[in-house]
Structure formats: structure tokens, C-alpha cells
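> Sequence and predicted structure, then a few things I'm wondering about:
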Amino acid sequence: MKQWYLVYTRTGMERMAQGHLENQGFTTYLPRRRKERRHARRVDSILVPLFPRYLFVSFDIEADPWRSVNGTFGVQYLVSMGERASVVPESVIESIQLRENAEGLIDIEEAPPYAPGEVIEITQGALAAHTGIFKCANDNQRITVLLSLLGRETEVKLPMNAVRSIG
């Protein structure tokens, strides 16, 4: 009976590992999501794994040559408990698949770390000890804060770890 198992891949090689496993006759599932990437002053949209470095593979542990999974190019190892590969319940795979949109991608709404309008304190850098108002967060672990500098409101972009909530 075929069941789902979890594969841990080499960094950034999820798609490659998936292709090599499928060439060997295994059924795989790599849930993906869309992510905005900022590079050289432009923003583009890329597809990335929902679970970086992880890929699901289906096989019959009694009948299929599953030990070849560990030797597959791009695969680090098959997640296991001792000598036995760990089974991923079918319900987990189904619940992920139910969240897919028409493109086959998982939509993720990441909650911002602070509420818009929340007062926060800058803890690092040249503006340390200043307080400002949280405006928004982006996908690169940076936030926009409104600061009152020289009598005017100024937007400042800071690393997420450079601020803390006051309240």
C-alpha cells in the first residue's frame, strides 16, 4: 500500500530532487507558493516551496525500492525514525492540497508583527531610542516606520529585528 513520506533536500534543490524521483517512478508532491522578490530596485514574483527543503514522496515501503530515495541527486535524506521511514498521514497531504488555488499554489497571508498605527521603539542603529509608528512590513524581514524628524513625518525602512513594541 502506497503511503506518503517526507524527503529533506539539499538547499534550493527541491525541484531537481522532485524531477529525479519522478524519473525513478516515484509520485511526488511539492506544494508551492508565490513570493515577491526585490532585487536591484525591481520587484518580481517567483514560485518557492511552501516548506523550503522538504518534498513529499509516495511509495509502497514493502514493494518499492524506496532506499534509492536517499541516493537520489538533490536529496539529503528520507526523514525517518531509526531505520524506518516516517509516514506522513494522507490527511495532511489532502489538507494542503485543499488550500491550493486555481494555479495549484498555496496562498499565504503572513500577519504583520505589529498592528498598523502601533507605537514601536527603534532598538538598533543610528535612530536607536527613537519611537515611531508602525506602517507596514514586507517579505524581506523589513518594516516601514513613520518617524517624526525635524518637524515632519518621514518613512524609514528598518530590519524587523531593529524594533520592539512599547506597549
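Now that the structure is in, tell me what you want to look at.
> Any idea how many residues pack against Q97?
Q97: 12 surrounding residues under other C-beta atoms under 10 Å. Where you see a C-beta, it was placed from the backbone N, CA and C, and this is true even at glycine.
> For it, give me its contacts.
By C-beta atoms under 8 Å, 6 or more residues apart in numbering, Q97 lies in contact with Y29, P31.
> again, but for D44
Counted by C-beta under 8 Å, 6+ apart, D44 has contacts E36, R37.
> which SS state does it fall under?
When classified by DSSP: H, G, I helix; E, B strand; the rest coil, D44 comes out as strand.
> Pairing-wise in the sheet, spell out the partners of it.
Taking DSSP bridges, one obtains R37 as the residues bridged to D44.
> Please parse this protein into its domains.
Annotated domains of the chain cover 3-98, 119-165 [automatic domain parsing].
> Endpoints of the shortest one, how far apart?
Spelled out, that is domain 119-165. 7 Å (C-alpha to C-alpha, to the nearest Å).
> State the mean pLDDT of that domain.
For domain 119-165, mean pLDDT is 85.
> Please, where are all the strands along the chain?
Taking DSSP state E as the test, the strands found in the chain are 3-9, 27-29, 32-39, 42-49, 54-59, 75-78, 80-81, 84-85, 87-88, 119-122, 131-137, 142-149, 152-159, 163-165.
> Redo those strands as a markdown table? Include distance to E109.
Shown next, in a markdown table, are those (distance: least, C-beta to C-beta, whole Å):
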| stretch | distance to E109 |
| --- | --- |
| strand 3-9 | 25 |
| strand 27-29 | 22 |
| strand 32-39 | 11 |
| strand 42-49 | 16 |
| strand 54-59 | 21 |
| strand 75-78 | 30 |
| strand 80-81 | 33 |
| strand 84-85 | 33 |
| strand 87-88 | 24 |
| strand 119-122 | 22 |
| strand 131-137 | 12 |
| strand 142-149 | 17 |
| strand 152-159 | 21 |
| strand 163-165 | 21 |
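> what's the closest of those strands to G104?
Among those, strand 32-39 comes nearest to G104, with 7.6 Å by C-beta to C-beta.
> Next, the buried residues of that closest one.
Using 16 or more other C-beta atoms under 10 Å as the test for burial, strand 32-39 gives R32, R33.
> From K157, how far out is the residue lying farthest from the centre of the chain?
Distance from the C-alpha centroid of the chain peaks at G151, with 40.2 Å (C-alpha atoms, centre = their mean). For G151, the distance to K157 (C-beta to C-beta, to the nearest Å) stands at 21 Å.
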